[in-house]
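>>> here is a sequence together with a model predicted from it:
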Amino acid sequence: MGGNQTSVTEFFLVGIPVSPRIQVLLFGLFSVFYAFTLLGNGVILGLISLDSRLHTPMYFFLSQLATVDIAYACNTVPQMLVNLLSPAQPMSFAGCMTQTFLFLTCGRTECLLLMVMSYDRYLAICLPLRYSTIMNWKVCDTLAVASWASGVLMTLVDMVLLLPLPFCGPQKVNHFFCEIIAILKLTCADTHLNEVVIVTGGVFMLLGPVSAIVVSYAHIVHAILKIQSAEGRWKAFSTCSSHLCVVGLFYGTAIIMYVGPQHGDSQEKKKYLLLFHSLFNPMLNPLIYSLRNREVSAALRRRLEKGRPF
């Protein structure tokens, strides 16, 4: 096999194999989704920055989540849009590897941030008297930095194992972007170690945080049930409902994609599931928080009222 190896300098993304007319339709639809993603998460960041009532740990972590969603969408969607209009447009090897690195980093960072946010809600509901002491700003900064750093470091392991591999064609990546499993299929070497590391990382970064979130919410539900008034129980639960919706969307699709079979028809189905994961999750997160969170909705109304001429 060594004699057939060639130096691959660019890749072609297969994307969605549909007619040119449907490609134009999808381009318009995905462009709208992308615009709403940037607008929604930008509004969340702006409100948290400008409204002093939202300067709390809960909204600090929400701002980190919005930042990840913007980076996540900006990394994958523009190239997807380019491919819809110009399916034969090549992507450089360096650009492809960079996209893989950023995608994995953002995904893993979001995994950890959602776990941290559940811990924040656990402290707020189960230990309200000690909340401000435990979750001070130094702790918030440390947890945020640790989430980002862990995402970067774990992704570096995958990239260190991926980059030395020889690529000898074909150059067509059967995906919407440079997803690591699809890239591994184009190598000329044994990728068993890479796949083991990816699955192990998936179990660690998905099932580990999910377990921590389940434990946190078990304590939260127990604490809420002990509240005497129905209004008090609803008020306590409402502070968690948005986070639960986001957790369900993110972890549900991520676990299906990376904890399970990586070959055959299942992999082709996961390709389209990842389209939902890349397009809809970052767009829906700010919508969920703005609709289901009274404080965010109130902050938005205050800003809109301030902007009126009379």
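Sure thing, it's come through. Predicted model, so just to flag it, every value in this text is computed and none were measured.

>>> from here on, just use CA atoms for contacts and neighbour counts.
Noted.

>>> which other helices and strands contact the longest helix belonging to the chain?
The single longest helix within the chain, with elements called by DSSP state H, is helix 93-126. In terms of contacts (3 or more Cα pairs under 8 Å, 6 or more residues apart in numbering; DSSP states H and E), helix 93-126 is packed against strand 10-13, helix 57-85, helix 137-162, helix 208-225, helix 230-258.

>>> for residue 117, find the nearest of the ones you listed.
helix 57-85 (6.5 Å; Cα to Cα).

>>> I'd like to know how many residues surround the nearest residue to residue 171 once chain neighbours are set aside.
Counting by Cα to Cα, 6 or more residues apart in numbering, residue 171 lies nearest to residue 11, which is 4.9 Å off, once chain neighbours are set aside. Residue 11 has 23 neighbours, counted by other Cα atoms under 10 Å.

>>> residue 183 too?
Around residue 183 there are 21 residues (other Cα under 10 Å).

>>> next, the spatially closest residue to it that is not a sequence neighbour: phi, psi?
In space, and not counting its chain neighbours, residue 183 is closest to residue 173: 6.4 Å by Cα to Cα, 6+ apart. Dihedral pair for residue 173: phi -90, psi 120, per degrees, to the nearest 10.

>>> report pLDDT for residue 173.
What the model reports for residue 173 is a pLDDT of 85.

>>> over to residue 246?
For residue 246, pLDDT reads 86.

>>> what number of residues are in the vicinity of it?
19.

>>> mind exporting the C-alpha coordinates of stretch 166-186 to CSV?
Output of stretch 166-186 as CSV, limited to C-alpha atoms (Å, rounded to 0.1, in the frame of the first residue of the first chain):
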residue,chain,number,x,y,z
PRO,A,166,-1.2,9.0,5.5
PHE,A,167,-4.0,10.0,3.1
CYS,A,168,-3.9,8.4,-0.3
GLY,A,169,-7.4,9.1,-1.6
PRO,A,170,-10.2,9.3,-2.4
GLN,A,171,-10.4,13.0,-1.4
LYS,A,172,-14.2,13.0,-1.0
VAL,A,173,-15.3,13.4,2.6
ASN,A,174,-18.8,11.9,2.9
HIS,A,175,-20.1,14.6,5.2
PHE,A,176,-21.2,18.3,5.4
PHE,A,177,-17.9,19.3,7.0
CYS,A,178,-14.6,17.7,8.0
GLU,A,179,-16.0,15.3,10.7
ILE,A,180,-13.3,13.2,12.2
ILE,A,181,-14.9,9.8,11.6
ALA,A,182,-15.5,10.7,7.9
ILE,A,183,-11.8,11.9,7.6
LEU,A,184,-10.5,8.7,9.1
LYS,A,185,-12.2,6.7,6.3
LEU,A,186,-9.8,8.4,3.8
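
>>> for it, buried residues please.
166-169, 171-186 (16 or more other Cα atoms under 10 Å).

>>> over to stretch 49-64?
Counting neighbours by 16+ other Cα under 10 Å, stretch 49-64 gives 54, 56, 57, 58, 59, 60, 61, 62, 63, 64 as buried.
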